[in-house]
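Undergrad: Just need the structure, nothing else, for what follows:
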Amino acid sequence: MNNEVNSHDNLKSIKLDKAKQIAMKYLPMILTSKVYDIAIETPLEKAHQLSSKTNNYIYLKREDLQPVFSFKLRGAYNKIANLSAVEQSHGIIAASAGNHAQGVAMSASKLGIKAFIVMPITTPSLKIQAVKRFGGSLVEIVLFGESYTEAYGHALELQKKHNLIFIHPFDDPYVIAGQGTIGMEINKQFAQVAHISHQSNHSSIDAIFIAIGGGGLIAGVGCYIKAIMPHVKIIGVQTVDSNAMQQSIINNENTVLKDVGLFSDGTAVKRVGDETLSIAKYLIDEIITVNTDEVCAAIKDIFEDTRSIVEPAGALAVAGIKKYVKLNHCNNQHFISINCGANINFDRLSFVAERAQIGESKEAIFAITIPEQRGSLKRFCNLLRQNHLTEFNYRFAENNKAHIFVGIQVQDTKDIQTLEQEFVKEGFDAINLTHDELAKLHIRHMVGGRAVAQNEKLIRFEFPERPGALMKFLLNMQPDWNISLFHYRNHGADYARVLVGIQVEEKDTQKLQNFLQNLDYPYIDETEHPAYKLFLKK
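TA: The predicted model follows:
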């Protein structure tokens, strides 16, 4: 046992020493970064309602207030401003469909440098127009490819062909150092903000929560904080379906994800940077993963405190704080969230509002089967007592049964558990669908009829939101397969949620797998899902 303890202590000591070396290497670069030629020192504000709700002191670092509504301006400008005169004369190039593109465009315009920005053809016009607005006549937009990966590859080809300087969105020392200036500002601002907002004997930051995409932000901020305040925890936050940094640290190598979830598009990175990983694995104390509902609830929390609407990536840190507090039963601690961006499409807000209730554990969703007999529905409703209904769908089924898809307003997760227990006690079959993606995205909008469809496979997809996406799907299908169900939902994102029923005979099972893999759209096979069997399949 003593040998194991000593070994653990030695590893911890080695990690701390390495973290200090890395942090001190980057500290001079951060202190001399040139970001303030263009970026502003954003405020650090106490989130009063969120603090009260969590019984902790929560502060928001408002990077959503930058001129391009994102922290990305800092790193992009610092990299470009540190190019030599000869390098600047060659011109620059970047690949991005979002915040980095806008940061590069504004930086190029400020410094008078010709810039090419390669964006996928799927990029929404809103973002293209923003890049044009920030860059003006010095920026040329090149639309290429259907994904960031294809755009990135084309940008590298153009770089070599025209001898341009590539501005990486995260895996570059100057970019990392530029983002690190956020840590410098937090160190300067915290004592004053904490003193003004409350009277407390405890006046130290306990942890800073930072969204992770490619890793540039957490690497930069982590370097400054660990150099100046090594006791402060650096906690990364990723979505459960885009956790490349977490997987890379666990595997001790840069791990490429096959697919990434696209809801938090600002952090949807399949592969983190080599440099950012080499820093993060020593400086990060912990990584927390959150789901879509938790992110939506965090967007609502930020809005209620600031009356500002951040993008999903901008709310990751708050979602992480809430989860960390709940898991560790924290009280009276000082946590800082970096609100890293606010470039959100207006059309996505309906989806955010819909899912925020579930993310706050304020709505429960159940599939209930009751006997089709006098008094059954009354007995079911009696169990709801004073709970408000958010949704109620009733459908008669065969064998003298009826199925109910119901949304119920609750106070917390304990209420959900209590309801489920009471349904079962009353003799009703109950399936808790509160955290089920198929139910929330599709089935709640489709309840009302069940079909006989032999050999039906139910597949849930994410289609890229662009002309030709459906046609690509249809052209790649076997001509003798039949589509028996199709439900499409878009919520203002760069992709759409699609549920498809395909009638495929058993002998074609392998052909179906080949089709799904070659199509290269993220998918989940939901054929055995219980809610599908209750409400859509006869």
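Undergrad: pLDDT on the helix or strand where R497 lies, on average?
TA: Assessed by DSSP states H and E, R497 sits inside strand 495-503. Across strand 495-503, pLDDT averages out at 86.
Undergrad: Parallel or antiparallel, which strands does that strand pair with?
TA: Strand pairing for strand 495-503, determined by DSSP bridges: strand 456-464 (antiparallel), strand 482-490 (antiparallel).
Undergrad: wait, E304 sits on S52?
TA: No: E304 lies out of contact with S52 (Cβ atoms under 8 Å); the separation is 11.0 Å. Any C-beta I mention is one placed from the backbone N, CA and C, and that applies to glycine too.
Undergrad: The two: who's more crowded?
TA: Higher neighbour count among E304 and S52: E304, with 13 against 10, using other Cβ atoms under 10 Å.
Undergrad: Now that one: closest residue in space, sequence neighbours ignored.
TA: Q49 (5.4 Å; Cβ to Cβ, 6 or more residues apart in numbering).
Undergrad: Quick one: residues contacting E363.
TA: By Cβ atoms under 8 Å, 6 or more residues apart in numbering, E363 lies in contact with 357, 390, 407-410, 434.
Undergrad: Repeat the analysis, applying 6 Å as the threshold.
TA: Listed by Cβ atoms under 6 Å, 6 or more residues apart in numbering, the contact set of E363 reads 357, 390, 407.
Undergrad: Inside strands: which ones of those?
TA: 390, 407 (DSSP state E).
Undergrad: do you know how far I365 is from V237?
TA: 25 Å (Cβ to Cβ, to the nearest Å).
Undergrad: who has more neighbours, those two?
TA: For I365 versus V237, the count of surrounding residues by other Cβ under 10 Å is larger for V237: 33 against 23.
Undergrad: sorry, back to before: how far off centre is the strand holding R497?
TA: 22 Å (Cα atoms, centre = their mean, to the nearest Å).
Undergrad: Check stretch 25-37 too.
TA: 28 Å.
Undergrad: Likewise for stretch 335-347?
TA: Using Cα atoms, centre = their mean, the offset of stretch 335-347 from its chain centre is 10 Å.
Undergrad: hmm, back to that, I figured the residue nearest to E304 was touching T306, is that so?
TA: No: counting by Cβ atoms under 6 Å, Q49 does not reach T306; the two are 9.8 Å apart.
Undergrad: neighbour count winner among those two?
TA: Per other Cβ under 10 Å, whichever of Q49 and T306 has more neighbours is T306, with 18 against 14.
Undergrad: Look at the residue lying closest to K511 once chain neighbours are set aside and give its secondary structure.
TA: Counting by Cβ to Cβ, 6+ apart, Q478 is the residue found nearest to K511 once chain neighbours are left out, at 6.1 Å. Three-state call for Q478 (DSSP: H, G, I helix; E, B strand; the rest coil): coil.
Undergrad: number of nearby residues for Q478?
TA: Residues lying near Q478 (other Cβ under 10 Å) number 13.
Undergrad: Quick check: it vs I502, distance?
TA: 9 Å.
Undergrad: what's the answer for F335, then?
TA: Here the criterion is Cβ to Cβ. By it, F335 lies 47 Å from I502.
Undergrad: if you count what's nearby, which of the two comes out ahead?
TA: F335 (27 against 23).
Undergrad: List the contacts of the strand or helix carrying the more buried one.
TA: Under the criterion of DSSP H and E, F335 resides in strand 334-339. Residues from elsewhere that reach strand 334-339 (Cβ under 6 Å, 6+ apart): 56-64, 205-210, 310, 314, 317-318, 321.
Undergrad: Just those residues: which are in helices?
TA: Residues of the contacts of strand 334-339 located in helices (DSSP state H): 314, 317-318, 321.
Undergrad: Closest to Y394 out of the residues you listed?
TA: V318 (37.6 Å; Cβ to Cβ).
Undergrad: element containing the spatially closest residue to the closest one that is not a sequence neighbour, please.
TA: Closest residue to V318 apart from its sequence neighbours, by Cβ to Cβ, 6+ apart: A298 at 4.0 Å. Assigned by DSSP H and E, A298 belongs to helix 292-306.
Undergrad: Could you export stretch 68-86 as CSV, CA atoms only?
TA: Once non-C-alpha atoms are left out, stretch 68-86 reads as follows in CSV (Å, rounded to 0.1, in the frame of the first residue of the first chain):
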residue,chain,number,x,y,z
VAL,A,68,-16.9,39.8,-32.9
PHE,A,69,-19.0,38.4,-30.0
SER,A,70,-16.3,35.8,-29.2
PHE,A,71,-12.8,35.3,-27.6
LYS,A,72,-11.4,34.1,-30.9
LEU,A,73,-10.4,37.7,-31.9
ARG,A,74,-7.6,37.6,-29.2
GLY,A,75,-5.6,34.7,-30.5
ALA,A,76,-6.2,35.5,-34.2
TYR,A,77,-5.0,39.0,-33.9
ASN,A,78,-2.0,38.1,-31.7
LYS,A,79,-0.8,35.6,-34.3
ILE,A,80,-1.2,37.9,-37.2
ALA,A,81,0.3,40.9,-35.4
ASN,A,82,3.4,38.9,-34.6
LEU,A,83,4.1,38.0,-38.2
SER,A,84,7.1,39.7,-39.8
ALA,A,85,6.6,42.4,-42.4
VAL,A,86,7.7,39.9,-45.1
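Undergrad: chain center to it: distance?
TA: For stretch 68-86, the distance to the chain centre is 24 Å (Cα atoms, centre = their mean).
Undergrad: Now it: buried residues?
TA: 68-83 (16 or more other Cβ atoms under 10 Å).
Undergrad: Those residues: which two are farthest apart?
TA: F69 and L83 (24.9 Å).
Undergrad: Compute the number of surrounding residues for the closest residue to V498 other than its chain neighbours.
TA: Nearest non-adjacent residue to V498, counting by Cβ to Cβ, 6+ apart: F461, 4.4 Å away. Counted with other Cβ under 10 Å, the neighbours of F461 add up to 19.
Undergrad: Dig out what F461 forms beta bridges with.
TA: Here F461, judged by DSSP bridges, has bridge partners V498, Y523.
Undergrad: low-scoring stretches of the stretch 301-450 of the chain, by residue?
TA: 374, 397-398 (pLDDT under 70).
Undergrad: Which parts of it are helices?
TA: Applying DSSP state H, counting those that start in this stretch to the stretch 301-450 of the chain gives helices spanning 312-328, 349-359, 376-384, 413-425, 437-441.
Undergrad: Just say which of those is most tucked in.
TA: helix 312-328 (a mean of 25; mean count of other Cβ atoms under 10 Å).
Undergrad: out of everything not next to it in sequence, what's closest to S204?
TA: H334 (6.6 Å).
Undergrad: Give me the distance between the one you found and G320.
TA: For H334, the distance to G320 (Cβ to Cβ) stands at 15 Å.
Undergrad: And M106, by the same measure?
TA: 29 Å.
Undergrad: got the buried residues for stretch 22-38?
TA: Going by 16+ other Cβ under 10 Å, stretch 22-38 has these buried residues: 22-23, 26-27, 29-30, 33-35, 38.
Undergrad: picking up where we left off before, can you tell me which of the contacts of strand 334-339 are in strands?
TA: Reading strands off these with DSSP E, I get 57-62, 207-210.
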